[in-house]
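Asker: this one's sequence-less:
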């Protein structure tokens, strides 16, 4: 849980710094972009599960 909070804090700080120096925020601007990232993560987890379940 602590690494999730640290990641959230780091992202918050990066968002503030990028906004302060007038740069575009380095994150997907819309929900579809965020869902794409979630899909990539879930796909990676599913691959590991499938390999462990059927090939080891």
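Answerer: Sure thing, it's come through. None of the values given here were measured: they were computed from a predicted structure.
Asker: Okay, now the unreliable bits of this protein?
Answerer: Nowhere does the chain drop to pLDDT under 70.
Asker: Kindly list the longest helix within it.
Answerer: Assignment by DSSP state H gives helix 31-54 as the longest helix of the chain.
Asker: Count the residues that sit near residue 34.
Answerer: 12 (other Cβ atoms under 10 Å). Backbone N, C-alpha and C define where each C-beta goes, glycine included.
Asker: For residue 19, I want the exact helix or strand it lies within.
Answerer: helix 2-20 (DSSP states H and E).
Asker: quick one on the thing from earlier: who does the longest helix of the chain touch, helix- and strand-wise?
Answerer: Applying 3 or more Cβ pairs under 8 Å, 6 or more residues apart in numbering; DSSP states H and E, we find helix 31-54 packed against no helix or strand.
Asker: Give me the contact list for that helix.
Answerer: By Cβ atoms under 8 Å, 6 or more residues apart in numbering, the residues outside helix 31-54 that reach it are 27-28.
Asker: let's see it at 7 Å
Answerer: Outside helix 31-54, the residues that touch it by Cβ atoms under 7 Å, 6 or more residues apart in numbering are residue 28.
Asker: In this protein, which residue is most central in space?
Answerer: residue 37 (6.0 Å; Cα atoms, centre = their mean).
Asker: Distance of that residue relative to residue 56?
Answerer: Counting by Cβ to Cβ, to the nearest Å, the gap from residue 37 to residue 56 is 28 Å.
Asker: now do residue 36
Answerer: According to Cβ to Cβ, residue 36 stands 29 Å off from residue 56.
Asker: Just want to know which of these two has more residues nearby.
Answerer: Remark: of residue 36 and residue 56, residue 36 carries more neighbours, 12 against 5, as counted by other Cβ under 10 Å.
Asker: can you tell me which residues contact residue 15?
Answerer: Applying Cβ under 7 Å, 6+ apart to residue 15 gives the contacts residue 25.
Asker: how many neighbours does residue 18 have?
Answerer: Here the number of neighbours of residue 18 (other Cβ under 10 Å) works out to 14.
Asker: any chance you could read off phi and psi for the residue nearest to it when sequence neighbours are not counted?
Answerer: Nearest non-adjacent residue to residue 18, counting by Cβ to Cβ, 6 or more residues apart in numbering: residue 25, 5.3 Å away. Phi and psi for residue 25, reported as degrees, to the nearest 10, are phi -70, psi 130.
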